[in-house]
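A.B. asks: Sequence and computational prediction follow.
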Amino acid sequence: MEVESAQVETVMEEVLEPVEAFFQFMQRDFVFGSLSFTPLSILLGVVLLTGLVLLNSILKRVLRRRVFPRAGLTPGVSSAMSTLAGYIILVIGLLIILPISVQGFNMATLGVLLGAVSFGIGFGLRNIADNFVSGLILLIERPIKVGDRIEVEGVFGTVNEIRARSTTVVTNDNISIIVPNSQFIASQVTNVSHSDSLVRYRMPVGVHYNSDVHVVTKALLEAASACEALKKDPKPAVRFLEFGDNSLNFELWVWTDTHFDRPNNLKSQVNYLIWDKLKKYEIEIPYPQRDLYIKEMPESIRIKE
C-alpha cells in the first residue's frame, strides 16, 4: 500500500508541476520602464475589453432603437448620437481597463502612447486616421445622416450606416457600396434630403407641332393631379421650354416627399399617366424627322413612273 501511495504522489507531482509552472508564469512581472504587468493582468484586460466591446454594442443598439426614438429623434439623429455615445463609452472603458492591466499607467503614459500612435499614423496609418476623423466630423456636423438620399463620386443611393472608417450607401438595386468617410469631406456631396424630404422632379415631354399647347398643358396637369404620390402644395407646373427640331418641348414640374429615395418608380407612374392623358386628348408624340434635299440627280439614275 505504501508503494502504491508513493506512486500516486509521484504521478500527482508530475501532473501538478506544469500547472504550477503555468501559474507562476502567469504571475511573473514584466517591467518596461515605469510600467509593469503580468500575463494574468493582460489576460484580465483582454477579458474586460471584450466585455466592454459587447456592452458597448448592446448599449448602442438600445439607444438607437428604443431610447432616442422615444425621445422623438429621427433615425439619422439617433444613429449619430448612439455612435458618439459608443465612442465615449469605449474611451472611458479603456481609461479604466488600462490601469488595471498595466501597473504604473497614468495620464503621462497615455500622452506618450498617443504621441507614438500619432507618429505611426504619420507614416503608415494616415488614410485610416483621415477616415476616422472624417467620420467624427460627419457625426458632429451631420452633412449627411442615416436615411439621406445622396450622390458622391458618381454613387447615388441611401445612407444606411455611418461607421468610424466608412459609410455604407445602398443603391436602388440593393447594392451596398462602402465609401471612405474622407470622400464626404474632400468631395462635393449632393444631399437630396438634407433639410427635408421634399423634392422636385422635372418630366420632359415632347409633342407634335400640330398640337394645341394649351391642351397639352391641361393634359400634363391632369396627369400630375391623378398621381397620389405627388404633392398638391407646391402645385405641379408646366413649362413650355422651346421649339425643338422635331417637337414642341415641355416640362412637367412635380413635387414629392415620399418617393425621394425611389425616383425611377415615381417617374414611371407619372409617365404612364402622361401617356394616358395624351391619348385622351389625341396629342401625338412625333418621331425624329430629317429632310433630304437632292440638288443634282446623277444621269445614271432613271426615275420610272
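C.D. replies: The structure has been received and is ready for your questions. Numbering: from 1, shown residues only.

A.B. asks: pLDDT of stretch 44-51, averaged?
C.D. replies: For stretch 44-51, the mean pLDDT works out to 86.

A.B. asks: and if you look at stretch 176-183?
C.D. replies: Averaged over stretch 176-183, pLDDT sits at 90.

A.B. asks: Distance from the chain centre to it, please.
C.D. replies: 7 Å (CA atoms, centre = their mean, to the nearest Å).

A.B. asks: Buried ones in it, by neighbour count?
C.D. replies: Residues of stretch 176-183 classed as buried: 177, 179-183 (neighbour count, 16 or more other CB atoms under 10 Å). (C-beta placed from N, C-alpha, C; glycine too.)

A.B. asks: Show only the entries of the residues you listed found in strands.
C.D. replies: Among these, DSSP state E puts 177, 179-180 in strands.

A.B. asks: Now do the helices in the stretch 51-200 of the chain.
C.D. replies: Using DSSP state H, counting those that start in this stretch, the helices of the stretch 51-200 of the chain run over 68-70, 75-101, 107-123, 126-141, 181-186.

A.B. asks: Report all helices and strands that the longest one contacts.
C.D. replies: On a contact count with 3 or more CB pairs under 8 Å, 6 or more residues apart in numbering; DSSP states H and E, helix 75-101 meets helix 39-62, helix 68-70, helix 126-141, strand 155-162.

A.B. asks: and those, which is most packed in?
C.D. replies: strand 155-162 (a mean of 18; mean count of other CB atoms under 10 Å).

A.B. asks: ok, it: who's next to it in the sheet?
C.D. replies: strand 149-152 (antiparallel), strand 166-170 (antiparallel) (DSSP bridges).

A.B. asks: ok, and for the last one, which residues are buried?
C.D. replies: Spelled out, it's strand 166-170. Along strand 166-170, these residues count as buried under the neighbour rule (16+ other CB under 10 Å): 166-169.

A.B. asks: what is the rounded mean pLDDT of it?
C.D. replies: Averaged across strand 166-170, pLDDT comes to 90.

A.B. asks: ok, and what's touching that strand?
C.D. replies: For strand 166-170, contacts defined as CB atoms under 8 Å, 6 or more residues apart in numbering pick out 131, 135, 138, 144, 150, 152, 155, 157-161, 176-181, 184.

A.B. asks: number of nearby residues for the closest residue to Trp253 other than its chain neighbours?
C.D. replies: The shortest distance from Trp253 to any non-neighbouring residue, by CB to CB, 6 or more residues apart in numbering, is to Ala237 (4.5 Å). Ala237 has 16 neighbouring residues, counting by other CB atoms under 10 Å.

A.B. asks: just to revisit the earlier point, I'd like the buried residues of strand 166-170 as CSV, with distance to Val254 appended.
C.D. replies: Listed next are the buried residues of strand 166-170 as CSV, based on distance: CB to CB, whole Å:
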residue, distance to Val254
Ser166, 35
Thr167, 30
Thr168, 30
Val169, 26
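
A.B. asks: Could you point out which of the strands paired with strand 155-162 sits nearest Ile92?
C.D. replies: In terms of CB to CB, the element of those nearest to Ile92 is strand 166-170, at 24.8 Å.

A.B. asks: If anything else comes up later, I'll come back, but that's it for now.
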